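**Q** coords please:
(chains A and B)
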Amino acid sequence: MTTFKIASWNVNSLKVRLPHVLNWLNEIKPDVLAMQETKIIDAVFPYDEFAKQGYVAISSGQKTYNGVAILWKEKALDIMTSFPGFDDPQRRILGVTVGDIRVINLYIPNGQSVGSEKYQYKLTWLNYLKEYLKQELLKYPRIIVLGDFNIAPQEIDVYEPLLWQGKVLFSEPERAAFQDILQLGFVDTYRILNPMDKKFSWWDYRLYAFKRNQGARIDHILASDALVSYCRQSTIDPTPRGWERPSDHAPVYAEFHFN
DNA sequence: ATGGTTGCAACGCAA
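**A** Now for the predicted structure:
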């Protein structure tokens, strides 16, 4: 029996959050950590700090905004950093393969507000994602798609559905795009294993949102149909959100048990 | 209540 623990965390600046990330890795010891909003270029990525804890890092970063990275205990192959035919300067996707598992780390655009240019970019991005995942499923049966989706899939995933109605992160087109992705052959591991739990992964920095637990579940770990039966646990860990100078997102992680 | 806070980097932008 081997267990495989995979995590995702929007760190909102790896430079600022590095101590939190190192502490959390030491405590939870995931096999893989996918990070978003690293906001750091590859040349100054803190590879050595992670190597001390036994992780190899791959970064697809940029200055100031966006940036994704994956930590893994083994060598990763088939690195992918942008959709075919979409020359996007924003570093938002990182796909890697280790063993027989394909991992796709996402920082889906926030969308700013419904109807804005950034919202349109988000929907366009989601279309490219759908096409890409469709192709990936033909190549790899075992896929984990995880990251900051910036989409709360259902009413149970926001603190006050009436307040969120029609708003960015919860609008119908975004939620429909999320369902379309599941339709390709993926399962939201948190929701299938915790059908009634109303827990959040992100809280706005403003207005004491975390203290009031006014948040949304927008960070997800999807498993392809071939992997779902091996997933035994999918968790949100709100603890680091309460630490000093936190990210606005909590880490999430899922555990798979293989024979 | 159309605010509020954080990170970046530079006096605004993105989240």
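**Q** Just the pLDDT for A:D87.
**A** Per-residue pLDDT puts A:D87 at 89.
**Q** Pretty sure it sits in a helix.
**A** No. Judged by DSSP: H, G, I helix; E, B strand; the rest coil, A:D87 forms no part of a helix; its state is coil.
**Q** for chain A, which spans come out with low pLDDT?
**A** For chain A, no stretch has pLDDT under 70.
**Q** In it, what residue spans correspond to strands?
**A** Assigned by DSSP state E, the strands in chain A fall at A:2-10, A:32-36, A:56-60, A:68-72, A:77-80, A:93-98, A:101-107, A:143-148, A:186-188, A:202-203, A:215-216, A:219-224, A:231-236, A:252-258.
**Q** now the angle from the first one to strand A:32-36?
**A** What that stands for is strand A:2-10. Strand A:2-10 and strand A:32-36 meet at an angle of 10 degrees, taking axes from the mean of the first three to the mean of the last three CA atoms, to 10 degrees as the criterion.
**Q** near DNA strand B at all, strand A:2-10?
**A** No. Strand A:2-10 does not reach DNA strand B (CB under 7 Å from any atom of the strand); its nearest approach is 7.6 Å. Backbone N, C-alpha and C define where each C-beta goes, glycine included.
**Q** quick one, what contacts the nearest residue to A:K199 once chain neighbours are set aside?
**A** Excluding the flanking residues, the one nearest A:K199 by CB to CB, 6 or more residues apart in numbering is A:I236, at 4.9 Å. Neighbouring residues of A:I236 by CB atoms under 8 Å, 6 or more residues apart in numbering: A:Y190, A:K199, A:F200, A:S201, A:R217, A:D219, A:A250, A:P251, A:V252.
**Q** tell me the centre residue of chain A?
**A** A:G147 (0.8 Å; CA atoms, centre = their mean).
**Q** What number of residues are in the vicinity of the closest residue to that one other than its chain neighbours?
**A** Of all residues not flanking A:G147 in the chain, A:L106 sits nearest, at 3.5 Å (CB to CB, 6+ apart). Using other CB atoms under 10 Å, A:L106 is surrounded by 25 other residues.
**Q** The one 3 residues further on now?
**A** Residue crowding around A:P109 was assessed by other CB under 10 Å; the count is 21.
**Q** Next up, the contacts around it.
**A** Counting by CB under 8 Å, 6+ apart, A:P109 makes contact with A:Q90, A:R92, A:K118, A:Y121, A:K122, A:W125, A:N150.
**Q** Just the buried ones from these, in PyMOL syntax?
**A** Here is the PyMOL command that selects the buried residues among these (16 or more other CB atoms under 10 Å):
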select buried, chain A and resi 92+121+122+125+150
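**Q** which among the contacts of A:P109 gets closest to A:Y205?
**A** Checking these against A:Y205 by CB to CB gives A:N150 as the nearest, at 15.8 Å.
**Q** can you list the residues of the stretch 101-250 of chain A near DNA strand B?
**A** The stretch 101-250 of chain A comes close to DNA strand B at residues A:P109, A:N110, A:Q112, A:K118, A:Y205, A:R206, A:L207, A:R245, as judged by CB under 7 Å from any atom of the strand.
**Q** Tell me if I'm right that the last one and A:V16 touch.
**A** Yes. A:R245 sits in contact with A:V16 when judged by CB atoms under 8 Å, with a separation of 6.9 Å.
**Q** of these two, who's got more company?
**A** In terms of neighbours (other CB under 10 Å), A:V16 is the more surrounded of A:R245 and A:V16; the figures are 13 against 8.
**Q** I'd assumed A:P246 was in contact with the more buried one.
**A** No. Counting by CB under 8 Å, A:V16 does not reach A:P246; the two are 9.8 Å apart.
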